[in-house]
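Visitor: Here is my input, please return the structure:
(2 chains)
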Amino acid sequence: MLKEENSNSEPYKPSDVEKKWQDIWKKEDIYKTSDSVESKKNWYALSMFPYPSGDLHIGHWFAFAPADAHARFKRLEGYNVMHPQGFDAFGLPAENAAIKRNINPKKWTFDNIQNMQKQFDMMGNSYDWSRKLVTCTPDYYKWNQKFFIEMYKNKLAYRKNGPVWWDPVDQTTLANEQVVDGKSERSGAEVIKKMMPQWYFKITDYAEELLNMDDLEWPEKIKQMQKNWIGKSEGGTIDFQIEGSSEKISTFTTRIDTLFGVTFLVLAPEHPAIKKLNLEKNDDVKNYILNSQKLSEIDRTSTVREKTGVKTDIYCINPINQEKIPVFIGDYVLASYGTGAVMGVPAHDQRDFIFAKKYNLQIRLVISPDGSHNIELNNAYTDNGTLVNSGDFDGMNNTEAKINIANLIENKNVGKKTITYHIRDWLISRQRYWGTPIPMFYDENDEIIPVDEEFLPVVLPDVKEFMPTGQSPLTLDENFLYFDHPKFGRLRRETDTMDTFMDSSWYHLRFTSPGELDSPFDRQKVNNWSPVDQYMGGAEHAVMHLLYARFFNKVLRDLGYLNFDEPYKRLFNQGVMLARHMKISKRNNPLNPEPLVKQYGADSVRAYLMFLGPWDRGGDWSDSGINGVYRWLHRIWDLANFKYKEKDLDKEESKNLIQISNITTKNVLHDMNNFKYNTTIASLMEYTNFLSKIRSNGRVSKSDWIDALKRLLIHLSPICPHISEELWEKLGHKNSVHLQQNPTYTENLIEKSSFTLIIQVNGKLRDQVEMQKNTNIEEIKSYLNQSEKLKKYISGKEIIKEIYIENKLINLVVR
RNA sequence: GCGGAUGUGGUGAAAUGGUAGACACGCAUGCCUUAGGAGCAUGUGCCGCAAGGCGUGGGGGUUCGACUCCCUUCAUCCGCACCA
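Guide: Model (predicted):
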């Protein structure tokens, strides 16, 4: 290498460079964001804030470094960018550390936060730490409590005794969203059903609005997952009179058109009619119900399990044709969905079909594919068709029949059109310590009294005993437990704490005015910054955090806090970075970036993570290629330190340089805007390679050379903030590279005067030649005629067709 | 079972229906050395000495031309899962 020309340049030592600039950025506070800047638009770039588990692992780097590059890029585009960071600091690990190692959860959490903040800075991220928030501070969770009370007063928070999911390992209840495949999303333990009084948020009130995601620029996958989770289905409820009783059984169906085909009813084992009508006096029924209670939820909801049931002593009357039909109890019917009872239409529902076969029940065809009345069915026929065996409706197509039969039963007052949703209300209470205390009192009659606003926050007391007992540890704290209320006297406090998803449902709002003491946020500022322009984080939050946050936004809007409908306008999901084919996590599979940072520097680690592949793909971690980006940064270092000397100025070379510069910028701007960091870096590498090639020739003017370096460094700066800043300074700039604007490109400087003509024979490449643009076809043909390469493919053959795409290719079709 | 995504060299990966494999890793050969991040040069999809042929999971199709569009099938991953 040309070291002699590269006089007095220091070798690239990432650790020195990175430390130097991290200190300067901190001192000069260059990432501090004003609420507004004259002539700049605001851009709110937000990463899902982390749980303070102690150390940032490679998975964190993969989530946060590219997100930071996005924020930095938006600054270069001229936006006033807010890129805040905080800590989702309530939650079980702190408590478990307390139990296992006898460490105070608060201390554990804050030590971790301190450590992680330091590590974030070592990553070189451009966070405005003046906006930092920590959800376990009373300043923050006071507002959880305030919102909770307002929701209670508006009937959006309520307490109800009912069946709940219980995690036997973490010893707490869970929300539906936190149960995956019958297991706790957090602990992995198989959950069980318990009856307990718990607090809920009425997310079901917003089910319909939450379905509307038309204006969200989110990955379709996430939208689909939310839609599936909300699970809207339109149909009708139909009341079946019980024979010899005044009671009715309501069933929900989406196939009201099959009403004439009902040959039995099935009730969930928990259906209230069972107790009411004392059906358990029949021993078979009694035993069946007992058995179904013994089954775990996983078994009970397994789709491969055989459908079982037991016949009861009662019959119902089908309101449309007055037929008498038997009533069964079957544990494949879920009490929690619809009405907890289904009408059995074996001819047109596969589950009912199997059930009917097993119990020898009548299978009556009412929707016919071809209008014929008697078809031997081997399976349920679930497609559309013509009604048969359906009285006055015979001959009608079933879509039409749906409407007509629904109208008929509404008119006869034996049922109505209904919409059912899969989503359940959000169970918010947890029987654990490290969370926001639910701000409610109970009087001696167990009547609920919300904590008065003047007594907020209800501060989480320091306790000594955290062992999970199934009851909140707060129950053990007498001082906490009782409160002498000036008006109501001695009251007992609610001791459950809130689900930590409460904290993350509105933290993005708090970032806009984190210092507010008298309100959760400054309304003008929050409306000014919101919604978040670009939200970035993992897809694992699709139906938890992301759904809750949308719900919460709508609640706060309806309570008058906000004037917009959605919290996160754009969402990008990074892929999952695996290590040894397993998800990286502090608990199970840590992967420490520190040795890499030490050896190669944070810039190389950042660039490597972004170069690996598309950000939304993820993949299995391997550091085998990190040397490549490291070498690249060295080449850039050498380039910028190179003492450039003009020698034989050459117009063509200048033109080339300008063209390549413009192409590079065009690619970079496009790819950065689409989170395609890998191809951005590839373009910058090509640019670097080109500059390396021409640097000794001295054929371009010094000012063109310097311009090219500046362009390179600005483009590099979002990805590798430290080395670009250092070299920017070495080029003699006093202002930070991170306060610059993106270079521009001009389309007509990109255009070449020549092009490579692709010559194909029968669609296969056989020759190519450099041509001036817009060369006329005669000239091209004369080339074709004398081309040696083509001869053997066309001589003696008939050219039956020529496809000519100007300035691109010619394809000769020969026979 | 349903829904979605993905499938390209030894590896990570690129490619508005128009040169498949950009950019890197790795490897090979050579040069140079102030042993550093070494650097530089050349080569590197597969088969073949070559000419040439074959190549984007498999099979069909549309097209002058398909990684790209359509059908079908397989594999992997991710969601959901008795939703009535």
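Visitor: can I assume A:Gly236 is in contact with A:Ala406?
Guide: Yes. Using CB atoms under 8 Å, A:Gly236 is in contact with A:Ala406, at 5.3 Å. Where C-beta positions appear, they are placed from N, C-alpha and C, glycine not excepted.
Visitor: Show me the common contact partners of those two, please.
Guide: Listed as contacting both A:Gly236 and A:Ala406 by CB atoms under 8 Å, 6 or more residues apart in numbering are A:Ile256, A:Lys417.
Visitor: give me the element A:Asp767 is part of.
Guide: strand A:764-772 (DSSP states H and E).
Visitor: where in chain A is pLDDT low?
Guide: A:1-9 (pLDDT under 70).
Visitor: counting contacts, what elements does the following helix or strand past the strand holding A:Asp767 pack onto?
Guide: Toward the C-terminus, strand A:764-772 is succeeded by helix A:777-786 as the next helix or strand (DSSP H and E). Helix A:777-786 makes packing contacts with strand A:754-761, strand A:764-772, strand A:809-814 when contacts are defined by 3 or more CB pairs under 8 Å, 6 or more residues apart in numbering; DSSP states H and E.
Visitor: Mind putting those into JSON lines with mean neighbour count?
Guide: Below are those laid out as JSON lines (neighbours: other CB atoms under 10 Å):
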{"stretch": "strand A:754-761", "mean neighbour count": "17"}
{"stretch": "strand A:764-772", "mean neighbour count": "13"}
{"stretch": "strand A:809-814", "mean neighbour count": "18"}
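Visitor: can you redo the ones you listed as TSV with distance to RNA strand B?
Guide: Listed next are the helices and strands packed on helix A:777-786 as TSV, based on distance: least, CB to the nearest atom of the strand, whole Å:
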stretch	distance to RNA strand B
strand A:754-761	4
strand A:764-772	4
strand A:809-814	4
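Visitor: could you dump these to JSON lines with distance to A:Ser36?
Guide: Output for the helices and strands packed on helix A:777-786, formatted as JSON lines (distance: least, CB to CB, whole Å):
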{"stretch": "strand A:754-761", "distance to A:Ser36": "48"}
{"stretch": "strand A:764-772", "distance to A:Ser36": "52"}
{"stretch": "strand A:809-814", "distance to A:Ser36": "52"}
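Visitor: who wins for proximity to A:Ala71 among the ones you listed?
Guide: Nearest to A:Ala71 among the helices and strands packed on helix A:777-786 is strand A:754-761 (38.8 Å), distances taken as CB to CB.
Visitor: which phi and psi does A:Ile192 have?
Guide: phi -130, psi 160 (degrees, to the nearest 10).
Visitor: With A:Met440 instead?
Guide: phi -130, psi 150.
Visitor: and what of A:Val532?
Guide: phi -60, psi 130.
Visitor: How about the one 5 residues further on?
Guide: Per-residue torsions, A:Gly537: phi 180, psi -180 (degrees, to the nearest 10).
Visitor: list the contacts for it?
Guide: Applying CB under 8 Å, 6+ apart, the residues near A:Gly537 are A:Ser47, A:Met48, A:Ala63, A:Leu571, A:Asn573, A:Gln574.
Visitor: among these, which are in strands?
Guide: Per DSSP state E, strands hold the following members of the contacts of A:Gly537: A:Ser47, A:Leu571, A:Asn573.
Visitor: List just the nearest of those residues to RNA strand B.
Guide: Closest approach between the ones in strands among the contacts of A:Gly537 and RNA strand B, by CB to the nearest atom of the strand: A:Asn573, at 10.0 Å.
Visitor: Spatially, what comes nearest to the closest one if we skip its sequence neighbours?
Guide: A:Ala539 (4.2 Å; CB to CB, 6 or more residues apart in numbering).
Visitor: wait, what's in contact with A:Gly698?
Guide: Counted by CB under 8 Å, 6+ apart, A:Gly698 has contacts A:Tyr644, A:Lys645, A:Glu646, A:Lys647, A:Asp648, A:Leu649.
Visitor: before we move on, what about A:Leu784?
Guide: So A:Leu784 contacts A:Ile759, A:Leu790, A:Ile794, A:Ile810, A:Leu812 (CB under 8 Å, 6+ apart).
Visitor: Relative to A:Lys789, how far out is A:Lys764?
Guide: Applying CB to CB, to the nearest Å, the value for A:Lys764 to A:Lys789 is 12 Å.
Visitor: The stretch 651-800 of chain A: helices as residue ranges?
Guide: Assigned by DSSP state H, counting those that start in this stretch, the stretch 651-800 of chain A shows helices spanning A:651-673, A:677-694, A:702-716, A:721-730, A:747-750, A:777-786, A:788-794.
Visitor: send the alpha carbons of the first one over as CSV?
Guide: Once side chains and other backbone atoms are set aside, the C-alpha atoms of helix A:651-673 remain, and they are given as CSV (Å, rounded to 0.1, in the frame of the first residue of the first chain):
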residue,chain,number,x,y,z
LYS,A,651,-12.4,15.4,-17.9
GLU,A,652,-13.6,11.9,-18.4
GLU,A,653,-12.5,10.8,-15.0
SER,A,654,-14.2,13.8,-13.4
LYS,A,655,-17.4,13.0,-15.2
ASN,A,656,-17.1,9.5,-14.1
LEU,A,657,-16.6,10.5,-10.5
ILE,A,658,-19.5,12.9,-10.6
GLN,A,659,-21.7,10.3,-12.1
ILE,A,660,-20.8,7.6,-9.6
SER,A,661,-21.3,10.1,-6.8
ASN,A,662,-24.7,10.9,-8.0
ILE,A,663,-25.7,7.2,-8.4
THR,A,664,-24.4,6.4,-5.0
THR,A,665,-26.4,9.2,-3.4
LYS,A,666,-29.5,8.2,-5.3
ASN,A,667,-29.1,4.6,-4.1
VAL,A,668,-28.4,5.5,-0.5
LEU,A,669,-31.3,7.9,-0.2
HIS,A,670,-33.7,5.4,-1.6
ASP,A,671,-32.4,2.4,0.3
MET,A,672,-32.1,4.2,3.7
ASN,A,673,-35.7,5.4,3.3
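Visitor: What is the burial count for A:Ile694?
Guide: Using other CB atoms under 10 Å, A:Ile694 is surrounded by 18 other residues.
Visitor: Please read the previous query as pertaining to A:Asn378.
Guide: For A:Asn378, using other CB under 10 Å, the count is 7.
Visitor: Now do the same for it: helix, strand or coil?
Guide: coil (DSSP: H, G, I helix; E, B strand; the rest coil).
Visitor: State the phi and psi torsions of the residue nearest the centre of chain A.
Guide: Closest residue to the average C-alpha location of chain A: A:Ala539 at 3.5 Å, with CA atoms, centre = their mean. Per-residue torsions, A:Ala539: phi -80, psi -10 (degrees, to the nearest 10).
Visitor: In contact with it, which residues are there?
Guide: A:Pro219, A:Lys221, A:Ile222, A:Asn573, A:Val576.
Visitor: wait, doesn't A:Ile694 sit right on A:Leu657?
Guide: Yes. Applying CB under 8 Å, one finds A:Ile694 in contact with A:Leu657, separated by 6.9 Å.
Visitor: Mind listing the shared neighbours of those two?
Guide: A:Val700.
Visitor: ok, the closest residue to A:Leu765 other than its chain neighbours to A:Leu812 distance?
Guide: Spatial nearest neighbour of A:Leu765, excluding adjacent residues (CB to CB, 6+ apart): A:Ile758 at 6.3 Å. To A:Leu812, A:Ile758 is 12 Å away according to CB to CB.
Visitor: do the same with A:Leu474
Guide: When A:Leu474 is compared with A:Leu812 (using CB to CB), they lie 83 Å apart.
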